[in-house]
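Undergrad: can you look at this prediction? I've put the sequence above it.
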Amino acid sequence: MTVDLTGTADQVPDRPINMPFVGTVDIAVWLTIRSVLLDTAVHGHIPVNDGLCRPIKIIAPGGCLANPIFPAPTIARFCPGNQLADTVMKALGQAVPAQVSAGIGNLRVIAFSGLNGDDYWVQWKSVKAVMAVGRAWMGWMLSTPCMPIPATTR
């Protein structure tokens, strides 16, 4: 299977929404394909390893949001990574509509940063509410809404 991201918008220099290919784009694609085509309830436990990922080819031209070239801000990469997962799910839905959900949606984060003397600090809060929408999960709440997860880095 080939996932071709040619045509993805160019990377941006002023917002941390660029997605590193390794660890964001590849994971979003692999796990979405696995969740749609290899449902654990149907197929049992299938480990996520090279044998699962090897048949999937991902094309992402250098310099786009899905494969930025250094330097490119990437701190909030999971937000567009979730949108990529939704895009892959929508594409798979054309072939196997009964196996896809309505999508993941997108996380929102609030990040504050600054300097305190010579120390740099960051405060990060994720704001989330997830409602499963799909044939098997109609209306189930999957996470705590607006649960803050602080991460202070010095």
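TA: The structure has been received and is ready for your questions. Residues are numbered from 1 along each chain as shown.
Undergrad: for the biggest helix by length in the chain, the distance to its chain's centre please.
TA: Ranked by residue count under DSSP state H, the longest helix found in the chain is helix 78-95. Distance of helix 78-95 from its chain centroid, counting by Cα atoms, centre = their mean, to the nearest Å, is 9 Å.
Undergrad: so what does that helix touch, helix or strand wise?
TA: Identification of packing neighbours for helix 78-95 by 3 or more Cβ pairs under 8 Å, 6 or more residues apart in numbering; DSSP states H and E yields helix 26-37. No exception for glycine: its C-beta is placed from N, CA and C like everyone else's.
Undergrad: domain ranges for this protein?
TA: 2-101, 107-154 (automatic domain parsing).
Undergrad: adding mean neighbour count and mean pLDDT, write the ones you listed out as CSV.
TA: Shown next, in CSV, are the domains of the chain (neighbours: other Cβ atoms under 10 Å; pLDDT from 0 to 100):
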stretch, mean neighbour count, mean pLDDT
domain 2-101, 16, 90
domain 107-154, 11, 60
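Undergrad: quick one: the longest helix of the chain to helix 26-37, angle?
TA: With axes from the mean of the first three to the mean of the last three Cα atoms, to 10 degrees as the basis, helix 78-95 and helix 26-37 are set at 30 degrees to each other.
Undergrad: where do the helices of the protein begin and end?
TA: Remark: helices assigned in the chain by DSSP H are 26-37, 40-43, 50-53, 78-95.
Undergrad: ok, which of those helices comes nearest Ile59?
TA: Nearest to Ile59 among these is helix 26-37 (10.5 Å), distances taken as Cβ to Cβ.
Undergrad: now that closest one, how far from the centre of its chain.
TA: With Cα atoms, centre = their mean, you get 10 Å for helix 26-37.
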